[in-house]
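**Q** For reference, the sequence and a predicted model appear below.
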Amino acid sequence: HIYAQIIDDSTGRTLTGASSLSKELGSKIGKNAGNKEGAALVGAAVADAALKKDIKKVVFDRNCVLYHGRVKALADGAREGGLKF
């Protein structure tokens, strides 16, 4: 599974997030929860949730994880969903 959150670093509050375990994405992801297609859907979902809260620009912190595979797919999904990194 894969998760994404948008956090306000100044207050330490989580503003929104998305997960391959969420009920909203469960029917769309199906058995793709652990692959690139599922990661891209989570990226698009976090972008959609962010835009609903008028968040358009974020910093992508991958916490020392290499930028390839599912991490890249999540970022690409979020960009396609309208987030600016």
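**A** Happy to help now that I have it.

**Q** Show me the shaky parts of the chain.
**A** Applying pLDDT under 70 to the chain flags no residue at all.

**Q** ranges for the strands of it?
**A** Ranges of strands within the chain are 3-8, 13-19, based on DSSP state E.

**Q** So which elements touch the first one?
**A** Contacts defined by 3 or more CB pairs under 8 Å, 6 or more residues apart in numbering; DSSP states H and E place strand 3-8 against strand 13-19, helix 36-52. To be clear about C-beta, it is placed using only N, CA and C from the backbone, and glycine gets the same treatment.

**Q** Show me what counts as buried in the longest one.
**A** This means helix 36-52. Residues of helix 36-52 classed as buried by neighbour count (16 or more other CB atoms under 10 Å): 36-50.

**Q** Would you agree Ile55 is in contact with Gln5?
**A** No: with contacts counted by CB atoms under 8 Å, Ile55 stays clear of Gln5, the gap being 11.7 Å.

**Q** These two: who's more crowded?
**A** Ile55 (18 against 13; other CB atoms under 10 Å).

**Q** contacting residues around that one?
**A** Ile6, Leu15, Thr16, Leu83 (CB atoms under 8 Å, 6 or more residues apart in numbering).

**Q** Go through these and give me the one with the most neighbours.
**A** Within the contacts of Ile55, most neighbours by other CB under 10 Å means Leu83, with 22 neighbours.

**Q** how about the helices and strands packed on strand 3-8 in CSV, adding distance to Arg70?
**A** Listed next are those as CSV, based on distance: least, CB to CB, whole Å:
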stretch, distance to Arg70
strand 13-19, 13
helix 36-52, 4
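
**Q** hang on, the earlier thing: and for Ile55 and Gln5, which residues touch both?
**A** Common neighbours of Ile55 and Gln5 (CB under 8 Å, 6+ apart) are Thr16.

**Q** what's the neighbour count on Val71?
**A** Val71 has 18 neighbouring residues, counting by other CB under 10 Å.

**Q** Wait, it touches Asp61, no?
**A** No: with contacts counted by CB under 8 Å, Val71 stays clear of Asp61, the gap being 10.9 Å.

**Q** which ones are touching the nearest residue to Ser19 once chain neighbours are set aside?
**A** In space, and not counting its chain neighbours, Ser19 is closest to Tyr3: 4.6 Å by CB to CB, 6 or more residues apart in numbering. Going by CB under 8 Å, 6+ apart, Tyr3 touches Gly17, Ala18, Ser19, Ser20, Leu21, Val42.
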